[in-house]
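In: have a look; sequence and predicted model below, questions after that.
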Amino acid sequence: MSTMLFDGNPLHDGRDHSAYPLPYVECDAMTGPQQLADISAEDIMQFGLAFWASKALLSAVELDLFTELAAGPLDGETLRARLGLHPRGARDFFDALVALGLLGRKAGVYSNTPTADLHLDRNKPAYVGGWLHLLNTEHYPAWGSLTEALRTGKPQDRISDDLFDAAYSNPASLAAYARAMTSHSLPAARVLARRFPWAKYGTLIDIGTAEGGAPVEISRVHPHITGGGFDLPPVQPVFEVYVRERGLDDRLRFYAGDFLEQPLPSADVLVMGHILHDWNLEVKRELLAKAHAALPSGGALIIYDQMIDDERRTNAAGLLMSLNMLVRTQGGFDYTGADCTDWMRKAGFAEVRRAHLSGPHSMVERGSPRDRRTSLVAYARAMTGHSLPATPHHGGIDGDHTRSQANRLALDRDRVSARRRSGGSLDHVGGTCSNCASGPVRAPRSGRSIPSEFHSFRRGRHRQLRLRLCRI
């Protein structure tokens, strides 16, 4: 089995990160008055005041200011009236957003900057306001009690002691929470869709999927991928709406369950994005063990989070996210890539490696996922460009011929390629195959039994392997 850990360490991206916000200055008994006078407190003050800018942005998202301006520029008075703001603070509010680089202003008329227009208009697919809305309504108040959390070790959520109880308490809060998770995960998921060798796999299930943002992004880029998302039953309607609106409901389905109480569903690839950091060490290890048990031979586990750099010095976003877990969860914490690698190896995974994704996010995986051999399902899909429905007849995730069984058919990819080059073909057949009624057949030479959707044929004096994907 393989694992990929997207660890969130910006130092892994190959760029120069020698400059950090606060320069390190060593002061000792030899430091004189002039040297001390040259050490400015400006950076410290900027950190202390940073919540001003943060709250200005969060309130603008709450007011849907950027969505309003996405329809076209507005003068200050019209914008104020549209948003229902009092005259006293409106002008300063708009101009503060100009100074922060979020709005443009020309002759008293305000407009979105290109970045704000792309990411803060709720009608655009790259919208990240769902996550910012959650930060505004739930995280921001909880962080006001960080000192208390540091003293007691207890979460500071004012609604519930368990953030998931609060998030799943009613359909409206659940929908808002799911949207927030999507906007938080999409940047990493889009990079993941390009960075992982998906052509070697056929199915995936996203654990704790929310709306299904990650499997949707991956399936868009890789048409042969099928699978879906696993989450608590109340999430199903939100998942299905999101997937259907993006035209992928024929390839992605919802798997209902509780990963704390049940085994994980099986697929070629399991994905855990922003999952492990919600839980204490015992649950982290339990989830990794469940993933190992659920994966077929040659399967892969992908983990991505805002992982802390191994030296715990530079990835401030990862460290602050861990403090966020302190104020928001019962026992959650973020972790270094080295921590996660160690836990995965103890769970039975091997050859774990890390790679940077985007921003503070990175991932973890094992190389050579199938060691020169691939599942018939994954290989046939990759070669034909067609998807195979997840139904029992076709050996889907929950079918009679599971992916792990198909993997074990051990049809060597190089031999398939050689036969294909020598005149064999790999065809997709619409409709019912006349050979399906014959049931399993024997593979040439090996004599292994092959499920009815995979048949070999001999033509003339040439042995040509012909794979047919039979679809009803």
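Out: Done, it's in.
In: distance of residue 328 from residue 154?
Out: For residue 328, the distance to residue 154 (Cβ to Cβ, to the nearest Å) stands at 11 Å. Quick note: C-beta positions are derived from backbone N, CA and C, even for glycine.
In: swap that for residue 322, please
Out: Residue 322 is 15 Å from residue 154, where distance means Cβ to Cβ.
In: likewise residue 188?
Out: 30 Å.
In: with residue 199 instead?
Out: Distance from residue 199 to residue 154, counting by Cβ to Cβ: 47 Å.
In: and residue 328 and residue 154? Which one has more around it.
Out: Neighbours per residue, other Cβ atoms under 10 Å: of residue 328 and residue 154, the larger number sits with residue 328, 20 against 13.
In: quick one: low-confidence parts of this protein?
Out: The chain contains residues with pLDDT under 70 at 1-37, 158-163, 165-166, 362-472.
In: could you redo the last one with a cut-off of 50?
Out: 8-25, 367-472 (pLDDT under 50).
In: per the annotation, how does it divide into domains?
Out: What automatic domain parsing lists as the domains of the chain is 163-366, 376-470.
In: name the nearest residue to residue 209, ignoring sequence neighbours.
Out: residue 229 (2.6 Å; Cβ to Cβ, 6 or more residues apart in numbering).
In: now residue 150: how far from residue 265?
Out: Counting by Cβ to Cβ - residue 150 and residue 265 are separated by 38 Å.
In: who has more neighbours, those two?
Out: Set residue 150 next to residue 265 and count neighbours by other Cβ under 10 Å: residue 265 wins out with 20 against 11.
In: that one reaches residue 257, doesn't it?
Out: Yes. Between residue 265 and residue 257 there is a contact under Cβ atoms under 8 Å: 7.2 Å.
In: overlap of the contact sets of the two?
Out: With contacts defined as Cβ atoms under 8 Å, 6 or more residues apart in numbering, the residues adjacent to both residue 265 and residue 257 are residue 230.
In: residue 307: neighbour count?
Out: A count of neighbours around residue 307, defined by other Cβ under 10 Å, yields 34.
In: contact partners for the closest residue to residue 269 other than its chain neighbours?
Out: Computed as Cβ to Cβ, 6+ apart, the closest residue to residue 269 that is not its neighbour in sequence is residue 204, at 4.2 Å. Contact analysis of residue 204 by Cβ under 8 Å, 6+ apart lists 215, 218, 225, 227, 267, 268, 269, 270, 271.
In: out of those, who's nearest residue 295?
Out: Distance to residue 295 across the contacts of residue 204 (Cβ to Cβ) is lowest for residue 270, with 6.3 Å.
In: wasn't the residue nearest to residue 209 part of a helix?
Out: No. Read with DSSP: H, G, I helix; E, B strand; the rest coil, residue 229 is strand and lies in no helix.
In: isn't it up against residue 240?
Out: No. Contact status for residue 229 versus residue 240: not in contact, 10.0 Å apart, counting by Cβ under 8 Å.
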